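[1] model this:
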Amino acid sequence: MGGELFLAAVGGCFISTLLAAVRARELNISDVTAEVTAVLTGTPAQFSRIDLLVTTEEADADEFGKLVEIADRGCIMMNTLRDKLEITVRTNARPAAATKTS
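    Prediction:
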């Protein structure tokens with residue numbers, strides 16, 4: 001479906017911009033994912049809102065949040081859509097599991 005491809009393009013553009021920021025800073029951040037959801041309204045249908053949830057494993061939440069802000073400002077898709085519909089970006093950086101002790 002065209003709408004699904006559109007949302008995949010938004011997520012792909014955002015993630016590629018985010019990973020470029022990670023590489024430029026030579027950071028060790030892995031398992032980055034973006035979940036893109038949207039709200040459809042009207043007839044004919046159109047997106048009225050897009051939500052991105054960006055997640056990673058084993059990253060400092062503050063550092064990752066700053067990188068996500070950089071990606072949000074640098075992503076071509078986000079810059080194109082920002083004044084046309086509501087967009088929210090949330091992060092979830094999960095720290096590494098604590099080492100077990102006996």
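[2] what's the lowest-mean-pLDDT helix or strand in the chain packed up against?
    Taking mean pLDDT, DSSP states H and E as the measure, the helices and strands of the chain show their lowest mean at strand 86-94, namely a mean of 91. Strand 86-94 makes packing contacts with strand 46-57, helix 61-74 when contacts are defined by 3 or more C-beta pairs under 8 Å, 6 or more residues apart in numbering; DSSP states H and E. (Each C-beta comes from the backbone N, C-alpha and C, glycine too.)
[3] Could you give me the buried positions within the shortest one?
    To tie it back to what came earlier, the one meant is strand 46-57. Residues 47, 50, 52, 54-56 are the ones in strand 46-57 that count as buried (16 or more other C-beta atoms under 10 Å).
[4] Of those residues, which pair is most distant in space?
    Farthest apart among the buried residues of strand 46-57 by C-beta to C-beta are F47 and T56. That separation is 25.7 Å.
[5] sorry, back to before: run the angle between the least confident helix or strand of the chain and helix 61-74 for me.
    150 degrees (axes from the mean of the first three to the mean of the last three C-alpha atoms, to 10 degrees).
[6] ok, back up a step: could you take the helices and strands packed on strand 86-94 and lay them out as a markdown table, with extra columns for mean pLDDT and distance to A93?
    Written out in a markdown table, the entries for these read as follows (pLDDT from 0 to 100; distance: least, C-beta to C-beta, whole Å):
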| stretch | mean pLDDT | distance to A93 |
| --- | --- | --- |
| strand 46-57 | 94 | 5 |
| helix 61-74 | 94 | 4 |
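[7] Could you say which one of the ones you listed comes nearest to L27?
    With C-beta to C-beta as the criterion, L27 lies closest to helix 61-74 of the helices and strands packed on strand 86-94, at 7.4 Å.
[8] hmm, who's touching that closest one?
    Where contact means C-beta atoms under 8 Å, 6 or more residues apart in numbering, the residues beyond helix 61-74 that reach it are 14-15, 17-18, 20-22, 25, 27, 29, 54, 56, 78-79, 89, 91, 93, 95.
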